[in-house]
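Peer 1: next comes the sequence, and after it the predicted model I'd like to discuss.
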Amino acid sequence: MNSHYTDIWSSTKTFNWTERIETIVRNSYGETITFDKLKKEIIKQYREVKPNSDKSTNELINQLEKNLTKAPFIGRLGNDIYYLYYFKAEKNDLYL
C-alpha cells in the first residue's frame with residue numbers, strides 16, 4: 001500500500017528549471033559553464049527527479065534552451081558559454 005502512495009508522489013514532483021539552472025551555474029568554476037556541461041547536468045537531475053518521464057533527450061534540450069532565454073540572471077558569452085550575473089536591488093541595497 002505504501003508503494004502506491006510513493007508512486008503518486010514521484011509522479012507529482014515538479015522540476016524547477018530556473019532554480020536548477022541558477023544552482024548549476026552558480027556552482028560552476030567562475031560562475032560560467034558551457035552549454036554541453038549544463039545540458040548534461042540538467043538532464044541528469046531531471047531524470048533523477050522524474051525517472052518515469054517519457055520525454056526524450058531532445059525534448060529536454062529544447063526545454064532547457066527555452067528556459068535559458070527566459071532566465072533573467074543568465075547571460076551568454078559567445079556561442080556556448082553561459083554566465084550568472086547579478087543586479088543590484090535598489091530598495092534593499094543588496095546584490096541578488
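Peer 2: On my side now, so go ahead.
Peer 1: what segments of the chain are helices?
Peer 2: With DSSP state H, the ranges of helices along the chain come out as 2-12, 17-27, 35-49, 57-70.
Peer 1: right, and those helices - which one's nearest Leu84?
Peer 2: Of all these, helix 17-27 sits nearest to Leu84, with 4.5 Å by CB to CB. Any C-beta I mention is one placed from the backbone N, CA and C, and that applies to glycine too.
Peer 1: helices or strands next to that closest one in the packing?
Peer 2: Here helix 17-27 touches strand 32-34, helix 35-49, helix 57-70, strand 74-77, strand 81-84, going by 3 or more CB pairs under 8 Å, 6 or more residues apart in numbering; DSSP states H and E.
Peer 1: for the fourth one, name the packing helices and strands.
Peer 2: Strand 74-77 sits against helix 17-27, strand 81-84, with contacts defined as 3+ CB pairs under 8 Å, 6+ apart.
Peer 1: which residues are contacting that strand?
Peer 2: Identification of contacts with strand 74-77 by CB atoms under 8 Å, 6 or more residues apart in numbering yields Ile21, Glu22, Val25, Thr32, Leu68, Tyr82, Tyr83, Leu84, Tyr85.
Peer 1: residue contacts, the fourth one?
Peer 2: Think Thr32. For Thr32, the contacting residues are Val25, Leu77, Ile81, Tyr82, Tyr83, Leu84, by CB under 8 Å, 6+ apart.
Peer 1: right, I'll call it a day here.
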